[in-house]
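kindly return the folded structure for what I paste below:
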Amino acid sequence: MFVETVHDDANELVINVSLENDHIADIELAASPVQTVEFTTSFEEIRERILTANTPHVDAISGATSQSEAVKKAVAKAMLKSSKALAAEEGGNDAAPKSYDVVVVGSGGAGLAAAIQAHDEGASVLIVEKMPTIGGNTIKASAGMNAAETRFQRVKGIEDSKELFYQETLKGGHNKNNPQLLRRFVENAPQAIEWLADRGIMLNDITTTGGMSIGPYPPSARRVSGWRLSD
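You can find the predicted model right below:
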């Protein structure tokens with residue numbers, strides 16, 4: 001168990017965080033100058049969110065943002081300490097020279113994808129992440145991923161094209177987009193969808209999004225969603 005002292009807007013909170021193997025086992029409010037019904041209720045709500053998601057990267061409780069952030073910080077601090085303790089137990093020697101074919105800095109969506117692809121091609125890979133949990137900003141992603149001419153569209157009988165996708169995106173960006181970068185994105189988006197599908201992430205829940213000239217389709221068209229990085 002890790003005992004963490006954190007602060008919300010007005011109070012010092014002592015929080016016990018229990019970690020077991022790869023999950024957050026419990027979060028307990030050990031000491032607080034405030035014990036009102038509202039305070040304890042909001043604590044239980046943020047506690048339940050963190051335990052259910054098994055990560056401190058959850059939304060704060062409405063009306064109790066400062067308290068929520070304090071609890072999330074306590075859990076993150078405990079997880080960081082746990083990671084360091086595990087490395088020490090395993091006899092890690094920070095001074096020992098190490099060699100890898102590929103070093104990826106950051107474990108967001110782009111970093112993890114790069115690391116997985118490099119590993120699949122036979123490289124030895126090291127991922128360096130400053131936070132106690134992986135995911136970066138991508139862990140909060142819950143909207144969609146744009147692509148045209150995907151097999152998931154074809155299965156649903158949706159007629160779309162990369163050129164239409166390109167033109168619609170230019171229009172949405174008031175023609176200020178980088179044309180070369182946009183073209184590369186449009187041309188490779190279906191390949192990215194397939195790359196994820198090959199690894200069991202089936203982005204086949206399709207719907208219409210703003211700026212599209214085709215559709216609307218009842219939850220069905222260009223944007224694909226339904227997965228979070230934590231899944």
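
what is the burial count for Ser62?
Applying other Cβ atoms under 10 Å, we find 9 residues neighbouring Ser62. All C-beta spots, glycine's among them, are computed from the backbone N, C-alpha and C.

wait, what's in contact with the closest residue to Ala110 other than its chain neighbours?
Once flanking residues are discounted, Ala110 sits nearest to Thr138: 7.9 Å by Cβ to Cβ, 6 or more residues apart in numbering. Shown in contact with Thr138 (Cβ atoms under 8 Å, 6 or more residues apart in numbering): 108-110, 112, 229.

how close does Ser18 sit to Val71?
Distance, Ser18 to Val71, using Cβ to Cβ, to the nearest Å: 14 Å.

brain fart, Ala197
Separation of Ala197 from Val71 (Cβ to Cβ): 37 Å.

check Pro56 too.
Distance, Pro56 to Val71, by Cβ to Cβ: 8 Å.

what about the most centrally placed residue in the chain, distance to Gly108?
The centre of the chain sits closest to Ile139, judged by Cα atoms, centre = their mean, with a distance of 0.9 Å. To Gly108, Ile139 is 8 Å away according to Cβ to Cβ.

same thing with Thr207?
Relative to Gly108, and taking Cβ to Cβ, Thr207 is found at 24 Å.

do the same with Leu80
Look at Leu80 and Gly108: by Cβ to Cβ, they are 18 Å apart.

what's the answer for Ala25, then?
27 Å.

correct me, but the residue nearest to the centre of the chain touches His57?
Yes: with contact defined as Cβ atoms under 8 Å, Ile139 counts as touching His57 (5.1 Å).

low pLDDT regions in this protein?
Counting by pLDDT under 70, the chain has low-confidence residues at 34, 84-97, 132, 142-143, 208-231.

which element, helix or strand, includes the residue in the chain sticking out farthest from the centre?
No residue in the chain sits farther from the centre than Pro33, which is 34.1 Å out by Cα atoms, centre = their mean. Per DSSP states H and E: Pro33 is located in neither a helix nor a strand.

let me see the contact set for it.
By Cβ under 8 Å, 6+ apart, the neighbours of Pro33 are 11-12.

break this structure into its domains for me.
In terms of domains, the chain is parsed into 2-89, 102-138, 141-225 (source: automatic domain parsing).

which stretches of the protein form helices?
Here the chain has its helices, by DSSP state H, at 37-53, 65-89, 109-120, 151-155, 162-172, 179-197.

winner for burial among those helices?
Highest mean neighbour count of these: helix 65-89, a mean of 18 (counted as mean count of other Cβ atoms under 10 Å).

what packs against that helix?
For helix 65-89, the packing partners by 3 or more Cβ pairs under 8 Å, 6 or more residues apart in numbering; DSSP states H and E come out as strand 2-7, strand 12-20, strand 23-31, helix 37-53.

can you lay out the contacts of Thr138 as TSV showing distance to Glu149?
Listed next are the contacts of Thr138 as TSV, based on distance: Cβ to Cβ, whole Å:
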residue	distance to Glu149
Gly108	26
Gly109	22
Ala110	23
Leu112	25
Leu229	25
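
what's the most distant pair in these?
Ala110 and Leu229 (11.4 Å; Cβ to Cβ).
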